[in-house]
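A.B. asks: Take this sequence and fold it.
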Amino acid sequence: KPEEQQLPQAMHSAMKELPGITVGKESADLIGNDNRVLQAAVDYIAGLGGGIVEIGEGEYIMHDSLHLRSNVTVRGKKGKTILRKADGVTSALALDGDFGEQQVTVEEPTGFAVGYGVAIWDDRSGGFHTTVARITGRNGNTFSIDNPLMADCMVRNKARAATVFPVVSAYNVEGARIENLVIDGNKKSNVHLNGCRGAGIFLYRAFKTVIKGCLVRNYNGDGISFQQSNDVTVV
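C.D. replies: Residues are numbered from 1 along each chain as shown. The predicted structure follows:
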């Protein structure tokens, strides 16, 4: 039609109706109360090219970040949708972690589990050299992770791992959007995570992200941190 304009990165014109899904503790398309159901909804909409995830009111316990995706809007109920960081645990490493390695061995594995977010560092590997990843497997007190270690983490330098991570995270995306979320960092039960790799809301190369009407409270670190991310809007 003459009045239609093709989208710049697609072979069709703009659509009025986009994919959408609801998430909640009840009466929703997907029902649950932790990060897994939220991530399932976001990834489903991302697989359709983008759209809207609406999260109902209530508290959702985060054992890992909510990982944002390109062109997906995550929308809560103003002041009533709470993403709360789970209680964290910390352990010294039992073996050195080598740069590029994708597993760590901890002295005390209680509280670490497959699917949980984790940070690994030592006294000489702070800042961007801290590794934040997800646990993907387990053999006893050895855990595989989905990202390689960003530095050598040596036992002699007090290397340690902790189940800390951004509550909301976006890496290498464009056009992500979050609205009306309360981010509770549960500071009393989590160790500090530096702002180069963590925050209540953390962006890394997440271009044109919009953060609207969100509140970050009680995070043991920065509230909002965006690194190497252009055209971020916080309103």
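A.B. asks: just for this protein, where's the confidence low?
C.D. replies: Along the chain, the parts satisfying pLDDT under 70 run over 2.
A.B. asks: What segments of it are helices?
C.D. replies: 35-47 (DSSP state H).
A.B. asks: Domain-wise, how is it divided?
C.D. replies: Dividing the chain into domains by automatic domain parsing, as the record does, gives the ranges 20-86+166-234, 90-162.
A.B. asks: ok, now which ones touch the closest residue in space to Gly50 that isn't next to it in sequence?
C.D. replies: Nearest in space to Gly50, with sequence neighbours left out and distances taken as CB to CB, 6 or more residues apart in numbering, is Asn71 at 2.9 Å. Any C-beta I mention is one placed from the backbone N, CA and C, and that applies to glycine too. Taking CB atoms under 8 Å, 6 or more residues apart in numbering, we find Asn71 in contact with Ala46, Gly49, Gly50, Gly51, Glu174, Gly175, Ala176.
A.B. asks: Wait, the first one touches Arg69, no?
C.D. replies: Think Ala46. Yes - proximity of Ala46 to Arg69 meets the contact threshold set by CB atoms under 8 Å, at 3.5 Å.
A.B. asks: Quickly list what Val104 is bridged to.
C.D. replies: Applying DSSP bridges to Val104 gives these bridge partners: Phe143.
A.B. asks: my guess is it meets Ala161, correct?
C.D. replies: Yes - at 5.5 Å, Val104 counts as touching Ala161 under the criterion of CB under 8 Å.
A.B. asks: Look up the residues that both of those two are in contact with.
C.D. replies: In terms of CB under 8 Å, 6+ apart, Val104 and Ala161 are both contacted by the residues Leu93, Val118, Ile120, Phe143.
A.B. asks: and the residues you listed, which two are the farthest apart?
C.D. replies: Within these, two members stand farthest from each other by CB to CB: Leu93 and Val118, at 11.6 Å.
A.B. asks: of the two, who's got more company?
C.D. replies: More neighbours surround Val118 than the other of Leu93 and Val118, with 25 against 22 (other CB atoms under 10 Å).
A.B. asks: Fine by me, we can end here.
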